[in-house]
Structure formats: C-alpha cells, structure tokens
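# Can you look at this prediction? I've put the sequence above it.
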Amino acid sequence: MMGVGALVLAMAACGAPPAKETPAGAAGTAKSASELGGMDKLVEAAKKEGKLNVIALPPDWANYGKVIEAFKAKYGIEVKSDQPDASSQEEINAAKQLKGTDRAPDVFDLGLNVALANKDLFAPYKVSTWDDIPAELKDADGAYYGDYGGFMSIGYDAAKVPAPTSVKDLLKPEYKGKVALNGNPTQAGAAFSGVVMAALGNGGSADDIAPGVEFFKQLKAAGNFQPVDPSPATIESGQTPVVIDWDYTNAAQTDKLKGKLDWKVVVPAEAQIGGYYNQAISKDAPHPAAARLWQEFLYSDEGQNLYLQGLARPVRLDKMGDKADKAAKDKLPKTDGKQVFQTQAQADKAKAVLTATWAQAIG
C-alpha cells in the first residue's frame, strides 16, 4: 500500500491539488510512527482523538489494569475497556458487529490461531522496538506481533486440594467437582493451550493433542470437571478451587488473595507448553492514532515492565537487559526441563482436532 505522503506527492506531480489529510486519516494508513513524522506527531494525533477502545483485557490478566491506568496517565487519553472477559474470537465478532461505529475496538489482544485467521481485519504497523521482537513471534509485514507469554499451569487452593504434581493427578477423587478450564478451547487461547498441556501430560505431543481431549472427557466422567469459566470471583468464592490457565494469570491470584486463600501455582514438569498472545490494530479502528500509540506504549520498556510486573513474560525480555524489572523477573513462576512451543502447522492441526471432537467429548 502506498503511504499517504507518497500518494500526495504523486498527485501533485500529476497536477492535481494534494488531498488535505487530517492527522487521524494519516494515522489510519501509517505503518510506523516515522510515517507520521515521528513519535511527537503520533502523540499529538492520538491526543486529538482523545480516546481508545480496548476489548478482552481483564485487569488481573498480564497486569492490564495497571497498563491501562499508566497509558491514561501518561497521555491523558480516555480508555474504554469493553467485555474484559471476552475470548479472542469474541473480540473479532465485536469488531465485525460494531464496524463503522465509534464503539468498535481499536486494538486486539489475540491468541495466535485467531490472529492468523483474521489477518485481513488488521492494519499493519511496526512499533519503534520492532527489531527486538523475535522473527518467529511476529508477522513479517506487521499485521500482528507477540506481546507477552507464559506457560500453562495449574492454580489451586492448597487448603482445599492436595498439591498436584502432574496433570494426571487431577483425575483423582480429591479433585471431584473442582477443576476448571479458562474458556472454550475452540475459541479461547488459554483453554486451547490447556488441552495441549493435558495432551503432553498424557502421552500426547504438540503434533497429537487427542490424548488431551480424552483427558478432559475422563475428567468430566469422573465428575472432576467444573464447567465454569474461572475468574477472580469464582476463585475467591471457592467455586473453582483448581484452575487450568496461564501461569501469569494464576500467579496474579496468589498476591491478590494473600491472607484470604493459600493459592499456589505449578507448571507441570512433564507438560510445559508455552505460548504468546498477539497485538493487532483494527483496520477499521475509530481512533487509529491512539491505537498506534497504544502499541508503542506496550512495546516500550515501560509497557514491557508492566507486563513483567504482572508475572507475564514480555516479548522483548531477552533484549531488555538491565532495563527489565529484576524484582518482577525473579518472581516469575519457575519452569524446568523440556519446554514445548507449537509451530503454526501443529496449532492448525490441533485446532482441527478440537473442532471435530471437543463438543462431543465434553457434551
């Protein structure tokens, strides 16, 4: 796509008067801050818009509550956070339903499967720290890019259940009616990876997640599966005393519930599946400059450290050196042994298996 500046020059060369472009209009096609004249111009355009719409960002998830407050404080831009508990697919659904309105989401935070399936909805953009993002964790053209990641884990109330030492432990009678999965794995990235973790813990692999589906079928048959989407409220109330979710989400509850619950987190040694979520800008963003400034903030040292303080692993962590928050880094849930990261081909295969078998297995 021709940049706005190049388009104006081309028109002038043909004798036509240059189109008068508003800052927001220019931002709508800008693929980097430099295309808008640098960060100062981007900040100016974003402040003129004065608003940013985000979606599916729970305050306790990867420290998004503090991320949003820091962005608002730094730039004086109102942030409207809708459907904080929505799945990745529900983010896309909302963008389609609200397209053309001022309420449509400006930016997305998506699991990789959903990001790949919806590239045509994204506006390519490369943040100033683009080179720090590993090539395997970003689209080469800037359509989407990894932001933070972690490992699948089991969070549990130590006062109500024994400490699980493996995924298979969750089939024991001590866990009857107590095990919850964060979302539907055909729609939510966390739940998808939870099934992969179960597969790794039951003889499966990144290439073969069928044992993971079978595990949840057995979990339900044993009466151990709790078909409730876990949340801080369900954890505190005791409704979901065991939660399969990302380590940073489970670990956030340890601090939050200190003095109320003895919430502990374990990453099963035999089933360490890691993954990253991805940022993307909606091509139909009603606030395109604010959307791009949001990305610049998230990938700055400040934004990456805010993720780290939420016990998520920011995508630039290895490149940050002593700029990374050491105290927060030291608190990350420990992982040892073999770590698995699915390739896209493996993820596509797993998605097909889930689409074909999950509903029947869980009922």
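Now that the structure is in, tell me what you want to look at. What you are looking at is a predicted structure, and each value in this text was computed from that prediction instead of being measured. Residues are numbered from 1 along each chain as shown.
# alpha carbons only for contacts and neighbour counts from here, please
Noted.
# Report the distance from the longest helix along the chain to the chain centre.
Across the chain, the longest stretch assigned as helix under DSSP state H is helix 344-362. Offset of helix 344-362 from its chain centre (Cα atoms, centre = their mean, to the nearest Å): 20 Å.
# packing partners for that helix?
On a contact count with 3 or more Cα pairs under 8 Å, 6 or more residues apart in numbering; DSSP states H and E, helix 344-362 meets helix 112-117, helix 210-221.
# Identify all contacting residues around the last one.
Surrounding helix 210-221, the residues in contact under the criterion Cα atoms under 8 Å, 6 or more residues apart in numbering are 170-171, 195-204, 225-226, 353-354, 357-358, 361-362.
# Just the buried subset of these, please.
Buried residues within the contacts of helix 210-221, counting neighbours by 16 or more other Cα atoms under 10 Å: 170-171, 195-202, 204, 225-226, 353-354, 358, 361-362.
# Tell me which entries of these lie within strands.
The strands, defined by DSSP state E, take in nothing from those.
# Filter those residues down to just the ones in helices.
195, 196, 197, 198, 199, 200, 353, 354, 358, 361, 362.
# Could you look up the SS state of the residue nearest the centre of the chain?
Residue closest to the average C-alpha location in the chain (Cα atoms, centre = their mean): residue 277, at 3.5 Å. What DSSP: H, G, I helix; E, B strand; the rest coil gives for residue 277 is strand.
# Enumerate every residue touching it.
Residue 277 makes contacts with 109, 110, 111, 112, 146, 147, 148, 149, as judged by Cα under 8 Å, 6+ apart.
# Quick check: closest non-adjacent residue to it.
In space, and not counting its chain neighbours, residue 277 is closest to residue 111: 5.0 Å by Cα to Cα, 6 or more residues apart in numbering.
# how near is the one you found to residue 271?
Distance of residue 111 to residue 271, given as Cα to Cα, to the nearest Å: 19 Å.
# again, but for residue 158
Distance of residue 158 to residue 271, computed by Cα to Cα: 21 Å.
# Pop the domain breakdown of this protein in here.
Per the record, the chain has its domains at 37-149+276-330, 150-274+335-362, by the TED database.
# how much space is there between residue 72 and residue 297?
Per Cα to Cα, residue 72 is found 11 Å from residue 297.
# ugh, wrong one, residue 70
Separation of residue 70 from residue 297 (Cα to Cα): 9 Å.
# ok, residue 143 - contacts?
119, 122, 123, 124, 125, 280, 281.
# now these as TSV including pLDDT and neighbour count?
Shown next, in TSV, are the contacts of residue 143 (pLDDT from 0 to 100; neighbours: other Cα atoms under 10 Å):
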residue	pLDDT	neighbour count
119	96	16
122	98	21
123	98	23
124	98	22
125	98	22
280	98	26
281	98	25
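# Out of the residues you listed, list just those in helices.
Per DSSP H, these never map to helices.
# pLDDT weak spots in the chain?
1-25 (pLDDT under 70).
# what ranges do the strands span in it?
Along the chain, the segments classed as strands by DSSP E run 51-55, 78-82, 107-110, 145-157, 179-181, 242-246, 263-266, 272-281, 313-314, 339-340.
# For those, give me JSON lines that also has distance to residue 232.
Converted to JSON lines, those look like this (distance: least, Cα to Cα, whole Å):
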{"stretch": "strand 51-55", "distance to residue 232": "18"}
{"stretch": "strand 78-82", "distance to residue 232": "18"}
{"stretch": "strand 107-110", "distance to residue 232": "20"}
{"stretch": "strand 145-157", "distance to residue 232": "12"}
{"stretch": "strand 179-181", "distance to residue 232": "13"}
{"stretch": "strand 242-246", "distance to residue 232": "11"}
{"stretch": "strand 263-266", "distance to residue 232": "11"}
{"stretch": "strand 272-281", "distance to residue 232": "21"}
{"stretch": "strand 313-314", "distance to residue 232": "21"}
{"stretch": "strand 339-340", "distance to residue 232": "28"}
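# For residue 38, which of those strands is the nearest?
strand 272-281 (18.4 Å; Cα to Cα).
# Compute the inter-axis angle for the closest one and strand 242-246.
Counting by axes from the mean of the first three to the mean of the last three Cα atoms, to 10 degrees, strand 272-281 lies at 60 degrees to strand 242-246.
# Extract the C-alpha set from strand 272-281 and format it as CSV.
Extracted in CSV, the C-alpha atoms of strand 272-281 (Å, rounded to 0.1, in the frame of the first residue of the first chain):
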residue,chain,number,x,y,z
GLN,A,272,5.3,-27.4,29.8
ILE,A,273,3.5,-25.7,26.9
GLY,A,274,4.3,-22.1,26.3
GLY,A,275,2.7,-19.5,24.1
TYR,A,276,2.4,-15.8,23.3
TYR,A,277,-0.6,-13.6,22.8
ASN,A,278,-0.5,-11.1,19.9
GLN,A,279,-1.3,-7.5,19.4
ALA,A,280,-3.0,-6.1,16.3
ILE,A,281,-4.6,-2.9,15.2
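# hmm, back to that, max pairwise distance over the contacts of residue 143: which two?
Across those, no pair lies farther apart than 119 and 125, at 12.4 Å, counting by Cα to Cα.
# Would you mind measuring from residue 272 to residue 80?
35 Å.
# the more surrounded of these two?
residue 272 (23 against 13; other Cα atoms under 10 Å).
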